[in-house]
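[1] Below is the sequence, then the predicted model.
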Number of protein chains: 2
Amino acid sequence: MSDIKNRQILLVARPEGEPKPSDFQLVESDVPALGEGEVLCQTIYLSLDPYMRGRMNESKNYAKPVELGMVMEGGCVGKVIASNDSKFAEGDIVEGKGGWQSLFALPGKALRKIDPAWGPISTSVGVLGMPGMTAYTGLLNIGKPQPDETVVVAAASGAVGSVVGQIARIKGARAVGIAGSKEKCQYVTDAFGFDACVNHRADDFEEQITGACPDGIDVYFENVAGKVFETVLPLFNPFARIPVCGTIAIANDTGLPPGPNQMHYMLRQILTKRLTFRGFIVSDFADQKEEAFSTLGGWIREDKLRYKEDIVDGLENAPEALIGLLKGENFGKLVIRVSDDPTK
Amino acid sequence: MSDIKNRQILLVARPEGEPKPSDFQLVESDVPALGEGEVLCQTIYLSLDPYMRGRMNESKNYAKPVELGMVMEGGCVGKVIASNDSKFAEGDIVEGKGGWQSLFALPGKALRKIDPAWGPISTSVGVLGMPGMTAYTGLLNIGKPQPDETVVVAAASGAVGSVVGQIARIKGARAVGIAGSKEKCQYVTDAFGFDACVNHRADDFEEQITGACPDGIDVYFENVAGKVFETVLPLFNPFARIPVCGTIAIANDTGLPPGPNQMHYMLRQILTKRLTFRGFIVSDFADQKEEAFSTLGGWIREDKLRYKEDIVDGLENAPEALIGLLKGENFGKLVIRVSDDPTK
């Protein structure tokens, strides 16, 4: 394999506000050395997700930042090309945190073997991967939707939000989405079957979302923060549950927005309406992985759960694609096809 | 009883900001007529509590406001003087929502019979009443303190806060109080046995509370909001739980404070530290009443749980006493002695 090179995208600058292409650098490097128990994989798909913005900041988030000069983090679907772990053989399809590179080596225990019979292997970083499990665990452990309740989902056309609303409906609740364009809203109701979806860029967003929730909001699945959150907060019903999964609308903020200071209004709402806010990340529910994937897979086979992918070709296009994702420009689960999918 | 008159304190104006004595009016009226199943009581003790400020506003809080011209709401300990309910006999001591008046008539099912053998009957509106049960249910259902965790309690010298910290210690946690004077802080550590207590009026409050919580904060029992909340928010540990019981520091606010807008910072904290905020009122846990009172009573008998009362004589002094309570001027569970305690 001496003629093969690894292609990597490094984080070389920390963005102030929105990330720029120059914050990233594409480099060639040697094939990773394979340690004991490790598995070498060729990347097929690289998942791009909103959480990556947080990893680009210096400050500790819930995870350590990516260090400057290091490969950007990311979930990957790969094909095993060499293995020091007897559980993995050449040609196996696996999922793991390979990062933004064309080859990655990880300990076998950090990899999940993927059966292509489950569906397109790209879904193992989507609806049958981290985003799907995020939706499943956050909604069911924290949101706990009940029949006929109203569940409002921010970023409803996205990889997580689209699954949240569909699970809410499976559980008998009413699903109301919020998305960033007319076209996305249309798709959310037509393809994902939400009861309604409202465009947060519309001038009359507040009237529209209020009208779409005539009985108030019982569960709000928070992916965005910012203006959308401010608008739905007064609509929460007593005992509403708010799983806090992301705050992408304020991800690029470098300071606090101007006043008035609504924090105390929020505390008053929590008190007087007995709201429950709970932040989570998917790994908090790691012990529910098997249940989540087997349930989600079953719903897909029964056509109760649908998904949409947005596949971009070429590792070199990952920076621009992430920048677009953070602006809400993509539509569907964003995945970079780093090399040909051998199952297609 | 034709020569007996009822004395009542009515709400006659809605305060803008801090309540004033002129918002209240003392009147004489006839003895309440006794309906079917009702019990007529002479008020012995009237409880004054922070929640009363909310009832004076026009806007619906978690409960309906007191209407203008109506008797102020409040919990009372009374002596039965006439009864249309066979479960209650003349001379019985009872607890119920009698309001700010010297005589009250309530349905028997709205009354709780008090056994003077349990302790001073005034405690049935204190440590063995609504405030004690608020502390017990909020801390144990939402805060869930674990051994060696740090539990921070706002308004630590008050009727609720003093019980919260002592239960935290009974559960093996470290209790750190926040109170409004040196003297109160001294009492919180000396008499209530908190591990530390910090004066929020001190110039170096932030340094002091940070120093008192070297391992961060795992449970924050919120009674106050305002500056105290802003100061402790950055100290929360991952997975911290925040029972939101009150927001007394902002109770008089008529608008939102000036910026910056910290609401999004709070959302980020909830997300990245996976915090749980949950608002509650004591009636949410009504089914735990028996367990709470029997457990609290047991702890008092074992001298594991102590309390301090602040008894003011005379119904006519209730308005000034409540105004002082809202300013943090009283110290201990504030109770108005409306008539002589027959058990003393």
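    Noted; the coordinates are in hand. Fair warning: this is a prediction, and the values are worked out from it, not measured in the lab.

[2] Model confidence score at A:Met1, please.
    Predicted confidence (pLDDT) for A:Met1: 50.

[3] Now for the closest residue to chain B within chain A, how many residues are close by?
    Taking Cβ to the nearest Cβ, chain B has its nearest neighbour within chain A at A:Gly259, 1.8 Å off. The way it works is simple: take the backbone N, C-alpha and C, and place the C-beta from them, glycine included. A:Gly259 has 13 neighbours, counted by other Cβ atoms under 10 Å in any protein chain shown.

[4] do the one 4 residues further on as well
    Per other Cβ under 10 Å, the neighbour tally for A:Met263 reads 24.

[5] Check A:Pro260 too.
    A:Pro260 has 15 neighbours, counted by other Cβ under 10 Å.

[6] contacting residues around it?
    B:Gly255, B:Leu256, B:Pro257, B:Pro258, B:Gly259, B:Asn261 (Cβ atoms under 8 Å, 6 or more residues apart in numbering or on different chains).

[7] Those residues: which ones sit near chain A?
    When contact is defined as Cβ under 8 Å from any Cβ of the partner chain, the contacts of A:Pro260 meet chain A at B:Gly255, B:Leu256, B:Pro257, B:Pro258, B:Gly259, B:Asn261.

[8] if I read this right, the third one contacts A:Gly259, doesn't it?
    Put plainly, it is B:Pro257. Yes: the pair B:Pro257 / A:Gly259 is scored as a contact, 7.3 Å apart, by Cβ atoms under 8 Å.

[9] where along the stretch 151-300 of chain A do the strands fall?
    A:174-179, A:196-199, A:217-221, A:236-244, A:276-279 (DSSP state E, counting those that start in this stretch).

[10] now chain A, which segments are flagged as low pLDDT?
    Residue ranges of chain A with pLDDT under 70: A:1-2, A:60-62.

[11] Break it down into its domains, please.
    With domains defined by automatic domain parsing, chain A comprises A:6-126+A:308-337, A:130-284.

[12] distance between the ends of the first one?
    Counting by Cα to Cα, to the nearest Å, you get 15 Å between the two ends of domain A:6-126+A:308-337.

[13] The last one now?
    Using Cα to Cα, the span of domain A:130-284 from its first residue to its last is 12 Å.

[14] same thing with stretch A:189-208?
    Start-to-end, stretch A:189-208 (Cα to Cα) is 15 Å.

[15] ok, residues contacting that stretch?
    A:153, A:156-157, A:162, A:165-166, A:169, A:174-182, A:184-186, A:188, A:209, A:212, A:227-228, A:231, A:306, A:308.

[16] got the buried residues for that stretch?
    By neighbour count on 16 or more other Cβ atoms under 10 Å in any protein chain shown, the buried set for stretch A:189-208 is A:Thr189, A:Phe192, A:Phe194, A:Asp195, A:Ala196, A:Cys197, A:Val198, A:Asn199, A:His200, A:Phe205, A:Glu206, A:Gln208.

[17] Contact residues of the stretch 151-300 of chain A facing chain B?
    Checking the stretch 151-300 of chain A against chain B by Cβ under 8 Å from any Cβ, the hits are A:222, A:225-226, A:229-230, A:238, A:244-247, A:250, A:253, A:255-281, A:284.

[18] Go ahead and confirm A:Pro145 touches A:Val219.
    Yes: counting by Cβ under 8 Å, A:Pro145 does reach A:Val219; the two are 5.2 Å apart.

[19] Quickly list what's touching both of those two.
    With Cβ under 8 Å, 6+ apart as the test, A:Pro145 and A:Val219 both reach A:Leu139, A:Val151, A:Ala168, A:Ala173.

[20] what ranges do the helices span in chain A?
    A:51-55, A:130-138, A:161-170, A:182-190, A:205-212, A:226-232, A:263-272, A:289-301, A:318-326 (DSSP state H).

[21] For the ones you listed, please prepare JSON lines with the additional fields distance to B:Lys87.
    Output for the helices of chain A, formatted as JSON lines (distance: least, Cβ to Cβ, whole Å):
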{"stretch": "helix A:51-55", "distance to B:Lys87": "60"}
{"stretch": "helix A:130-138", "distance to B:Lys87": "48"}
{"stretch": "helix A:161-170", "distance to B:Lys87": "47"}
{"stretch": "helix A:182-190", "distance to B:Lys87": "57"}
{"stretch": "helix A:205-212", "distance to B:Lys87": "48"}
{"stretch": "helix A:226-232", "distance to B:Lys87": "47"}
{"stretch": "helix A:263-272", "distance to B:Lys87": "34"}
{"stretch": "helix A:289-301", "distance to B:Lys87": "50"}
{"stretch": "helix A:318-326", "distance to B:Lys87": "66"}
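
[22] Thanks a lot, catch you later.
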